[in-house]
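S.K.: Turn this into a model:
(chains A and B)
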Amino acid sequence: MQITIDRFNPESDTKPHSQTYYLDDSKIADGSMLLEVLQQLREQDPSLAFRSSCQEGVCGSDGMNVNGQNCLSCITLAKPLGEKIHIRPLPGFPIIKDLIVDMEIFYQHYRDVKPYLQASTENSHDLSQEFLQSPEERAKLDGSYECIMCACCSSSCPSFWWNPDLFPGPAALLASNRFVIDSRDITTIDRLESHDRADNIFRCRHIQNCTAACPKGLNPSQAIQSLKHAIANK
Amino acid sequence: MNAAAHGDLKLDYQEFFFDAIVIGAGGAGMRAALALQQAGHQVAMISKVFPTRSHTVAAQGGINAALSNVTEDKWQWHMYDTIKGSDYLGDQDAIEFMCQEASQIVRELEHFGVPFSRLDNGKIYQRAFGGQSQNYGESQAKRTCAAADRTGHAILHALYQQNIAAGTEMFDEHFALDLIQDQNDHVCGVLIQNLHNSELKVIWAQHTLLATGGAGQIFRTNSNATINTGDGLGMAQRIGVPLQDMEFWQFHPTGVAGKGMLISEATRGEGGILKNADGEAFMVKYAPKVKELASRDVVARAIAIEVEEGRGCGENKDYVLLDLTHLATDVIENRLPGIRDICLTFLGIDPIEKPIPIFPTCHYMMGGIPTNLNGQVIQPVYASPQSPITENQITVQGLYAIGECACVSVHGANRLGGNSLLDIVVFGRKAAQFISHQLQNGKQNSERPTAGHNLNTLLNRYQRWHSETSNEAENQDSIFAIKQDMQKIMERGCGVFRDQVHMQQAVESLRELEKRFAKVTIQDTSNVFNFERTSALELENLLAVAKATACSAVARTESRGAHTRVDFTERNDDVWLKHTLFYPHQEKIVYKPVNMQPKQHEPFAPQKRVY
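M.R.: Numbering: from 1, shown residues only, chains lettered A, B, ... in the order given. So this is what the prediction gives:
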């Protein structure tokens, strides 16, 4: 297997360059994930930098661009990627080193949507009972709360590439919608108004790269659509 | 900028002053940081990864609390189950406290926004889990509060969100190197390193809380993240704190065979059945009453025995099957969606159609840094070979530990499923409340100790990984090779079944590894995300944990909970109803009694453990 990785070391390089590694096919089992391939390469070359942690697709550390598609290396089978694999850092973010990008702006957009439950203060200190929520109300959160903040969506979004400072990006908007549709949250109008700007949610043109890229099978594009509807009808 | 000169190298560091430091941003660390921040203190939360990457995110099945939403329940029954589950090694005062707090703290999490699954009446959904009962062992309870099978993810993200709301100051992607002590041995801060650029920072504070999680990476097959390297245990033992009950490691019964990632106990709670190669539902032989819902140690042993005796499945007869195919499709789709994802991704199997190949995987460390209920780190006053059991303990001033890295001890020799998420939030909040109280009573401002501290010694230790000189012969060895060897040694010596010979071999092999580690060098000299150097620092912590495990295990000549010896098959309360305290430097072991004095409930005397 031939693996080409876009590399950049800020201490010695002025711009990124690609480096090609070779791995014997016998070292890659049918069930091997791409992360295992990267780990083997790092044993050869300890300077190769990438993030990873849980190795099962729930921590969201190892988003990267593989043969042009954003994915998590730990849940992407290596063999079906073909004999030649090209790995790049997530597009649209400043590169720190090799496959590690600076995600601060992504996190800032997340924080900016106030991604925390704001329930009625009346009962919030009463710990003798939970806030009630029907199974139907709870079911609305399915497909929203499972986001792992890997940034595969936002970094595949041209609107985000174009205006990373203004456009919140699909992940932050998915998070915002998660609280808009939570029956326990009482700040719906404030949340909707915060997005009601030409340079905010309406930058989304629904090309659905985000939905195609999401390794958890979530649908940020649909969440943005439903937010837009709510804004129009508020 | 400050600087300490060390030979040719000058290590600069930046200084910060806080009221309290929380090291680790999993569920325990984030619950504690939130409480401190909300109480108006200046708290620094340090994490070697971005907080939502912490391994709490992978917890699946749920969190225990006697809410009585599905079946009648009482905290006293939860307490009994936890003590029995611990094989009577858990401290009864701590278990009582945890179970009493459970209902309120779960509702508090719900108020924080955790999207728990719901019952028709709008209350939190609860499912059955192993080892839980109504009325002190009579009938199965449903006590585990769940957000589908992503409860850890839901809790971790909600706690991160609350910390955003509270404005907690976070040092993400900063690796904690060592605890700093003043000349009175009080812990007065921590030395950390920014992984982005290798810059060192010194954070001074009167209170330092370790919440660094587990260390399952000492075993080859484990369900843990690669970041679970026991950094808090390493730091604590380097300042002379003993490690408690390190022989007790939970092997989760249902890991994906050959790979190790977790298949939640929720699968059995929802009705999944374990079968051997003959298609026999074998758990009835080992736990006639509750079968699949026995304690984890019991189920893990049963699976290992089935395989050992030749009834395993597959070409190599090395796994058994977890069958969910008889469950209604909507149960799997709605209650176990994450499990289905894992099966589809890693096995190419849909559990709706085919059973899942599973085998026990190292999952959880019951032992850890000894603490009291307030999270204060404690150690025995004096213990000599003549009086190896000590009751008097003193606190290590300024140091606290919570969650998996701590041993309070609520899990004893075997943790019940659903109790670890509970442990982290209960003791996270409790320790923070205690620290907050101390801060309100004492002087507020943190300052550099005037009377001297040991920072220079710590910088010296760290400097080793900055030296660029290395000779070829030493380069034959590597951090990766030593880690892999350690994992194999631990798997051979300290797995599900243990005996004197193999454990003693493990101890000796680990000594050899320490010698190799003392000589090994790293190739990468970069200061930007130098993974090799971080791995070296983590490996030093792992080796300390592995050695504590092997030495504590070989010394305990009985079988209790997860510590199963083929040469000492019975529990021996006359001799061994006591906690192990291991000092890695001196390889010295002392023991302390188990707490049998709960405050409100009658104590539970040890009984034969039958499920």
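S.K.: Contacts for the helix or strand of chain A with the lowest mean pLDDT, please.
M.R.: Ranking every helix and strand in chain A by mean pLDDT, DSSP states H and E puts helix A:121-124 at the bottom, with a mean of 76. Residues outside helix A:121-124 that contact it (Cβ atoms under 8 Å, 6 or more residues apart in numbering or on different chains) are A:129, A:131, B:111. Glycine gets a C-beta too; all of them are placed from N, C-alpha and C.
S.K.: mind exporting it as PDB, just the C-alpha atoms?
M.R.: Provided in PDB are the C-alpha atoms of helix A:121-124 (Å, rounded to 0.1, in the frame of the first residue of the first chain):
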ATOM      1  CA  THR A 121     -35.100  28.900  36.500                       C
ATOM      2  CA  GLU A 122     -38.300  28.300  38.400                       C
ATOM      3  CA  ASN A 123     -37.600  24.600  38.900                       C
ATOM      4  CA  SER A 124     -34.000  24.300  38.100                       C
END
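S.K.: buried ones in that helix?
M.R.: The neighbour-count check on helix A:121-124 (16 or more other Cβ atoms under 10 Å in any protein chain shown) flags nothing as buried.
S.K.: how far is that helix from where the chain is centred?
M.R.: Offset of helix A:121-124 from its chain centre (Cα atoms, centre = their mean, to the nearest Å): 33 Å.
S.K.: and what of stretch B:217-230?
M.R.: Worked out by Cα atoms, centre = their mean, stretch B:217-230 lies 10 Å from the chain centre.
S.K.: neighbours around residue A:120, how many?
M.R.: Residue A:120: 10 surrounding residues under other Cβ atoms under 10 Å in any protein chain shown.
S.K.: nope, residue B:120 is what I was after
M.R.: 9.
S.K.: and what of the one 10 residues further on?
M.R.: Look at residue B:130: counted by other Cβ under 10 Å, it has 27 neighbours.
S.K.: Who are the contact partners of it?
M.R.: Counting by Cβ under 8 Å, 6+ apart, residue B:130 has contacts B:265, B:268-269, B:290, B:292-296, B:299, B:416-417.
S.K.: could you redo the last one with a cut-off of 7 Å?
M.R.: B:265, B:268, B:293-296, B:299, B:416-417 (Cβ atoms under 7 Å, 6 or more residues apart in numbering or on different chains).
S.K.: And residue B:506, by the same measure?
M.R.: B:489-490, B:492-494, B:550.
S.K.: Can you turn the buried part of the residues you listed into a ChimeraX selection?
M.R.: Filtering the contacts of residue B:506 down to the buried ones (16+ other Cβ under 10 Å) takes a single ChimeraX command:
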select /B:489,490,493,494,550
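S.K.: Turn the contacts of residue B:506 into a markdown table, including distance to chain A.
M.R.: Below are those laid out as a markdown table (distance: Cβ to the nearest Cβ, whole Å):
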| residue | distance to chain A |
| --- | --- |
| B:489 | 19 |
| B:490 | 19 |
| B:492 | 22 |
| B:493 | 24 |
| B:494 | 22 |
| B:550 | 25 |
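S.K.: Just the closest of the contacts of residue B:506 to residue A:58, please.
M.R.: Nearest to residue A:58 among the contacts of residue B:506: residue B:490, at 24.9 Å, using Cβ to Cβ.
S.K.: Next up, phi/psi of that closest one, please.
M.R.: With angles defined as degrees, to the nearest 10, residue B:490 shows backbone torsions of phi -70, psi -40.
S.K.: pLDDT wise, what is it at?
M.R.: pLDDT for residue B:490: 97.
S.K.: what's the answer for the one 3 residues further on, then?
M.R.: Per-residue confidence at residue B:493 stands at 97 (pLDDT).
S.K.: Just give the nearest non-adjacent residue to it, would you?
M.R.: Using Cβ to Cβ, 6 or more residues apart in numbering or on different chains and skipping the chain neighbours, the partner closest in space to residue B:493 is residue B:506 (2.6 Å).
S.K.: The residue nearest to the spatial centre of chain A and residue B:514: what is the separation?
M.R.: With distances taken as Cα atoms, centre = their mean, residue A:151 lies nearest the centre of chain A, 2.2 Å away. Using Cβ to Cβ, to the nearest Å, residue A:151 is found at 40 Å from residue B:514.
S.K.: got it, and residue B:184?
M.R.: Look at residue B:184 and residue B:514: by Cβ to Cβ, they are 30 Å apart.
S.K.: residue ranges with poor pLDDT in chain B?
M.R.: Filtered on pLDDT under 70, chain B yields the residue ranges B:1-10, B:382-391, B:443-446, B:451, B:467-475.
S.K.: Which helix or strand lies directly C-terminal to the longest helix along it?
M.R.: Looking across chain B with DSSP state H, the single longest helix is helix B:531-555. As assigned by DSSP states H and E, the chain's next helix or strand after helix B:531-555 is strand B:564-565.
S.K.: Which of the three states applies to the residue nearest to residue B:493?
M.R.: helix (DSSP: H, G, I helix; E, B strand; the rest coil).
S.K.: Once you drop chain neighbours, what's closest to residue B:111?
M.R.: residue A:124 (5.4 Å).
S.K.: Ok, residue B:90 next?
M.R.: Using Cβ to Cβ, 6+ apart, the nearest residue to residue B:90 is residue B:412, at 3.3 Å.
S.K.: Tell me how far the one you found lies from residue B:241.
M.R.: Taken as Cβ to Cβ, the span from residue B:412 to residue B:241 is 20 Å.
S.K.: Then residue B:137?
M.R.: On the measure of Cβ to Cβ, residue B:137 and residue B:241 end up 37 Å apart.
S.K.: Looking at the two, which is more packed in?
M.R.: Applying other Cβ under 10 Å to residue B:137 and residue B:241 shows that residue B:241 carries more neighbours, namely 24 against 15.
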